[in-house]
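K.L.:
predicted coordinates and the sequence they were generated for:
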Amino acid sequence: MRPVDFFIVGQPKSGTTALASYLEAHPEICFSRPKEPRWMADDLTREIIAHHGDEGLVPVRTADQYESCFAHDHEARLRGEGSTAYLHSTEAAGRIAVHNPRARIVVLLRNPVDLIHALHMEYVNLTYEDIEDFSDALDAEAARSRGELIPSRVPFPSALLYTRRGTVMPQLERYWEVFGDEAVGVWTAKDLRDDPSGTYRAILTHVGAQDVSFSPDFAAVHEAKQPRSASLNRAVRANWLRATARRALPPQAFKWVQQRVVEPLVLTKAPRAPLSPGLRARLEDVFRPDVEALSDRLGRDLGSEWGFGESERARP
């Protein structure tokens, strides 16, 4: 198999789907279909099989299936993929390095408080999460880390450890250790939103594109949504139905059905409910040491950029 040249490894809910669509539009790049094969995350594959009893919910199960994610490649200079679970995975960095020691790594980060809030809402919509109140879901993390209170529909149980998902320094350290600082490019969702053209050019340079003047349509890709009907949403996302569809369809066809048929049927646009100032302040305290360490490592004040402390200052 021809090696993949670059990997968008995370974070989820941080603009990676938009970035992938922008990169896919570039004439030098063949981007995987589906965007997130998750082939390099062996630990998460084992977790899926342990939780569900078989590999029916594993998105890509064989090397041939992984190669088929690039079947549309017509001699593109670069291949890329965007499995955001790779940042969470403890094994993906090493597996990517075996696959391609010269791979370029792309990371988009988001305010961790907003990240895990958005992730919780998405998991509720996908019926992976059965604790609909965000604060209660956070309180369940200790039990879930012991294997308790795990919903049957979640793909891999550690996905629900929201605080761990938002604590990014240990996750990035795995990539810095394997690939070195220069090969790991880190940007924020705010960078992509506020300066899409400049951020896109910087990422093109990082992954090795020759034409960095190319400009795609910088359109919004994801918006907050909620189910039209909770019962219909649960019915069409049943594990047995998803596993049957994954076995019957190639990965790119399964993703097409999910995005073009299932989601328009069961979801509608809806604003995300804001966090209370108290809960936001509590979570900022949890994440502050990690954000400060990350700021020191990257040489930019992410706490200020992400508005840490503003909710506390706004309280009477």
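P.N.:
Thanks, I have it.
K.L.:
what about the stretch 101-250 of the chain, any weak spots by pLDDT?
P.N.:
220-226 (pLDDT under 70).
K.L.:
give me the spatial nearest neighbour of residue 265, chain neighbours excluded.
P.N.:
residue 236 (7.0 Å; C-beta to C-beta, 6 or more residues apart in numbering). Placement of C-beta: from N, CA and C, glycine included.
K.L.:
what sits against the one you found?
P.N.:
By C-beta atoms under 8 Å, 6 or more residues apart in numbering, the contact set of residue 236 is 262, 265, 266.
K.L.:
ok, and the most crowded of those residues?
P.N.:
residue 266 (22 neighbours; other C-beta atoms under 10 Å).
K.L.:
from residue 161, how far out is that one?
P.N.:
Separation of residue 266 from residue 161 (C-beta to C-beta, to the nearest Å): 26 Å.
K.L.:
just the strands from the stretch 151-300 of the chain, written as ranges.
P.N.:
With strands called from DSSP state E, counting those that start in this stretch, the stretch 151-300 of the chain shows them at 184-188, 225-227, 267-269.
K.L.:
tell me which other helices or strands the first one touches.
P.N.:
The one in question is strand 184-188. strand 104-109, helix 169-179, helix 196-207 (3 or more C-beta pairs under 8 Å, 6 or more residues apart in numbering; DSSP states H and E).
K.L.:
got the angle between that strand and helix 196-207?
P.N.:
Between the axes of strand 184-188 and helix 196-207, defined by axes from the mean of the first three to the mean of the last three C-alpha atoms, to 10 degrees, the angle is 170 degrees.
K.L.:
partners of strand 184-188 in the sheet?
P.N.:
Here strand 184-188 is paired, per DSSP bridges, with strand 104-109 (parallel).
K.L.:
tell me how far the strand it pairs with lies from the chain's centre.
P.N.:
Mean-position distance between strand 104-109 and its chain equals 11 Å (C-alpha atoms, centre = their mean, to the nearest Å).
K.L.:
ok, and what's touching the helix or strand just after that strand?
P.N.:
For strand 104-109, the following helix or strand on the C-terminal side (DSSP states H and E) is helix 112-125. With contact meaning C-beta under 8 Å, 6+ apart, helix 112-125 is reached by 11-14, 110, 129, 132, 134, 137, 154, 159-160, 162-163, 165-168, 224-227, 233, 267, 272, 275, 280, 283-284, 287, 290-291, 306.
K.L.:
just name the most buried of the strands of the stretch 151-300 of the chain.
P.N.:
Ranked by mean neighbour count under mean count of other C-beta atoms under 10 Å, these are led by strand 184-188, which reaches a mean of 20.
K.L.:
hmm, back to that, mind checking which of the helices and strands packed on strand 184-188 is nearest residue 43?
P.N.:
helix 169-179 (11.6 Å; C-beta to C-beta).
K.L.:
return the set of buried residues in the closest one.
P.N.:
When burial is assessed from 16 or more other C-beta atoms under 10 Å, helix 169-179 yields the following buried residues: 171, 172, 174, 175, 176, 178, 179.
K.L.:
what angle do that helix and strand 184-188 make?
P.N.:
Orientation check (the same axes, to 10 degrees): helix 169-179 against strand 184-188 gives 150 degrees.
K.L.:
buried stuff in stretch 73-82?
P.N.:
76, 78, 79, 80, 81, 82.
K.L.:
mind checking the end-to-end distance for it?
P.N.:
Using C-alpha to C-alpha, to the nearest Å, the end-to-end distance of stretch 73-82 comes to 16 Å.
K.L.:
ok, and what's touching that stretch?
P.N.:
By C-beta under 8 Å, 6+ apart, stretch 73-82 touches 2-8, 16-17, 19-20, 23, 27-32, 35-37, 69-70, 207-210.
K.L.:
list buried residues within those residues.
P.N.:
Here, 16+ other C-beta under 10 Å leaves 4-8, 16-17, 19-20, 23, 28-32, 35-37, 69-70, 207, 209 buried among those.
K.L.:
so which of these belong to helices?
P.N.:
Judged by DSSP state H, helices contain the following of the buried ones among the contacts of stretch 73-82: 16, 17, 19, 20, 23, 207.
K.L.:
identify the farthest-apart pair in those residues.
P.N.:
17 and 207 (16.9 Å).
K.L.:
hang on, the earlier thing: could I get the buried residues of helix 169-179 in CSV, plus columns for distance to residue 295?
P.N.:
CSV is the format used below for the buried residues of helix 169-179 (distance: C-beta to C-beta, whole Å):
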residue, distance to residue 295
171, 16
172, 12
174, 19
175, 18
176, 15
178, 22
179, 21
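K.L.:
just give me the closest of those residues to residue 42.
P.N.:
residue 174 (13.7 Å).
K.L.:
reformat the helices and strands packed on strand 184-188 as TSV; add distance to residue 216.
P.N.:
Below are these laid out as TSV (distance: least, C-beta to C-beta, whole Å):
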stretch	distance to residue 216
strand 104-109	16
helix 169-179	26
helix 196-207	7
